[in-house]
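# Dropping the sequence and predicted coords here.
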Amino acid sequence: MSQKLSIATVAGIRLYVHWTFSLLVLWIIVSGVRAGSGALDIAWSLLFVLSMFTCVVLHELGHALAARRYGIKTRDITLLPIGGVASLESMPEKPSEELVVALAGPAVNFVIALLLLPVVSALPNPSQVEQLNTIHAGNFLLALLSVNLVLALFNLLPAFPMDGGRVLRALLAMRLPRAQATRVAALVGQLCAVGFVVLGFTSNPMLALVGIFIFVGAQSEASYTNTKSMLAGYTVRDVMLREFRTIEAGSTVGSAVQLLLDTQCRTFLVMEESTPVGILTREAIIRALSEGGDGALVRQVMDPELLALGPELPLDEAFQRMSQQRKELMPVMEGGQLVGALDHENVAEFVMILTAKAK
């Protein structure tokens, strides 16, 4: 079962809602009922949450459209109970460009707040909008203005990999190597994350979740950037596998299961008439077994989106492509012939060797 539901496509970018978002809606309804709120009050609260997350989508679209300006695509935008995530294929390498992309999201929220300001200022009877504990017609726009300011300012905190953390890295990268700038920004981000977790346990549990998300994200981003930096100066030929397992597209899933058991390989190149046509992962094999048994053909369950690499391609660029496309294995082609393969495991082993040599 898919963990997210597609709801729309905006500017060519698919929008998804994660299933956990429904828990937020359920929590609002249950909390309203337990507090004795009427149906109208609950409806206003739900409308406000939907409006707030529309602003979150616009925030993420700001990042996506700014990245598109520099030739970077966005795979999708996913709404979670703690906010939205735009899956950019990468961040710009130039600090000035990363600065623009990072600031584009908060800028959208500031613009929304500025557009709402004259409308809110013109509202009659200001006493009706002073309290924001309960959302109703009188304070709806003021609450929406406030939440956009909070979104903008919160995202500008230097908690890498949030927007403010990326701004910090971009500014540091103007004076420092990108890997070093990332390490510093990640450390600042993790310190902020610890603060969020502590505040979460003493006040709002949602902050603890945000803190955990930031801590893991900062660590992952720092590891990725460090790995990419270490791979600079090498080519795919230096690391590619020359001995690897393949399976024919016309073979059955049962044959793939046996190959999985007979070898230590977990991902296989799928071949058809000596030409690679897809990738078969362990996950795809297990999923095929659970859905239709072992009689299905490999070509029916493989990933047909095959991205070939050249042996002289810089290794850091190849690693970036693998990460962007989320591919476990890529064939290496030279002169139309299959000469090797590259997977995450042998890249990781190469990094370990480089690290050991540097000590």
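Yep, that arrived.

# so what's the spatially most central residue of the chain up against?
Ranked by distance to the mean C-alpha position of the chain (Cα atoms, centre = their mean), the top residue is S87 at 4.3 Å. Applying Cβ atoms under 8 Å, 6 or more residues apart in numbering to S87 gives the contacts 74-78. In this view, the C-beta of every residue, glycine as well, is placed from N, C-alpha and C.

# Three-state assignment for it, please.
Secondary structure, DSSP: H, G, I helix; E, B strand; the rest coil: S87 is strand.

# Look at it and report its pLDDT.
pLDDT recorded at S87 is 86.

# on that earlier part again, max pairwise distance over the contacts of S87: which two?
Distances among the contacts of S87 were taken as Cβ to Cβ; the most separated pair is T74 and T78, at 11.1 Å.

# And the buried ones among the contacts of S87, selectable in ChimeraX?
Command for ChimeraX, covering only those of the contacts of S87 found buried under the criterion 16 or more other Cβ atoms under 10 Å:
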select :74,76,77,78
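
# Mind listing what's buried along the helix or strand of the chain with the lowest mean pLDDT?
Using mean pLDDT, DSSP states H and E, helix 21-34 stands out as the lowest-scoring helix or strand of the chain, at a mean of 80. Of the residues in helix 21-34, 21, 24, 28-29, 32 count as buried by neighbour count, 16+ other Cβ under 10 Å.

# Show me which of those is closest to V301.
Of the buried residues of helix 21-34, the one sitting nearest to V301 (Cβ to Cβ) turns out to be F21, at 29.9 Å.

# thought the closest one was touching T78?
No. At 9.3 Å, F21 does not count as touching T78 under the criterion of Cβ atoms under 8 Å.

# longest single helix anywhere in this structure?
helix 39-68 (DSSP state H).

# Would you indicate which residues of stretch 100-110 are buried?
Of the residues in stretch 100-110, those buried (16+ other Cβ under 10 Å) are 100-110.

# as a whole number, average confidence for that stretch?
Rounded mean pLDDT across stretch 100-110 is 96.

# contacts for that stretch?
Here stretch 100-110 has contacts from 55, 58-63, 65-67, 69-70, 72, 88, 91-92, 148-149, 151-153, 155-156, 163-164, 166-167, 170, using Cβ under 8 Å, 6+ apart.

# Likewise for stretch 141-153?
Here stretch 141-153 has contacts from 48, 51-52, 55-56, 59, 106-107, 109-110, 112-113, 116-117, 119-120, 123, 129, 132, 135, using Cβ under 8 Å, 6+ apart.
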